[in-house]
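[1] Predicted model follows, preceded by the sequence.
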Amino acid sequence: MTELLLDPNIRLYVFIPIVLICLFMGLIRHYVTILLESDKKTDLTQVADTNILRRARLLRENGNYIPRDAFMMRRHYFNGPNGVLKEEKTSVAAANPMTDPSMMADMMKGNLTNMIPMVVIGGWI
């Protein structure tokens, strides 16, 4: 195979500027995406369920470091006949993004922040 030799002028005036522009466009796109991101609404019951599951997982993993009576009390709290994990939860159906204008706007913002830099770089190169 033959070696590919680049003229130093090509490296300095073509290759390095293309790499730097692509790097800076990626950084700009990242920060614009953060700026355009809308606040997600958190559901209180979902946060509570997540915390209960986290506490149960921590008890399962670290239960051997506490006295047996304390472990059994906590296990009964989570898994007893009326335990927190035995309660019936109502499942919420996933929202259809086509019916919620804010979800569609978020998708459009994401698509634009990816498309516009590609058009600019493609037009420049």
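    Yes, it's here. These figures come from a predicted structure and were not determined experimentally. Numbering: from 1, shown residues only.
[2] only C-alpha atoms for contact and neighbour calcs from this point on.
    OK.
[3] how about low-confidence regions in this structure?
    For the chain, the stretches with pLDDT under 70 are 1, 92-93.
[4] Tell me where it has helices.
    8-10, 16-36, 44-62, 68-79, 101-124 (DSSP state H).
[5] is it true that residue 106 touches residue 37?
    Yes. Using Cα atoms under 8 Å, residue 106 is in contact with residue 37, at 7.2 Å.
[6] more crowded one of these two?
    residue 106 (15 against 12; other Cα atoms under 10 Å).
[7] quick one: contacts for the more buried one?
    37-38 (Cα atoms under 8 Å, 6 or more residues apart in numbering).
[8] quick one: it and residue 43, what's the gap?
    Note on residue 106: its distance to residue 43, by Cα to Cα, to the nearest Å, is 19 Å.
[9] Which one of the helices of the chain lies nearest to residue 87?
    Of all the helices of the chain, helix 68-79 sits nearest to residue 87, with 9.9 Å by Cα to Cα.
[10] Residues contacting that closest one, please?
    When contacts are defined by Cα under 8 Å, 6+ apart, helix 68-79 is touched by residues 56, 59, 63, 83-86.
[11] Of the residues you listed, grab the buried ones for ChimeraX.
    Selecting the buried subset of the contacts of helix 68-79 in ChimeraX, with 16 or more other Cα atoms under 10 Å as the burial test, is done by:
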select :56,59,63,84,85
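[12] could I get the contacts of helix 68-79 as JSON lines with distance to residue 101?
    Below are those laid out as JSON lines (distance: Cα to Cα, whole Å):
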{"residue": "56", "distance to residue 101": "37"}
{"residue": "59", "distance to residue 101": "42"}
{"residue": "63", "distance to residue 101": "47"}
{"residue": "83", "distance to residue 101": "40"}
{"residue": "84", "distance to residue 101": "36"}
{"residue": "85", "distance to residue 101": "35"}
{"residue": "86", "distance to residue 101": "37"}
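[13] Right, I'll call it a day here.
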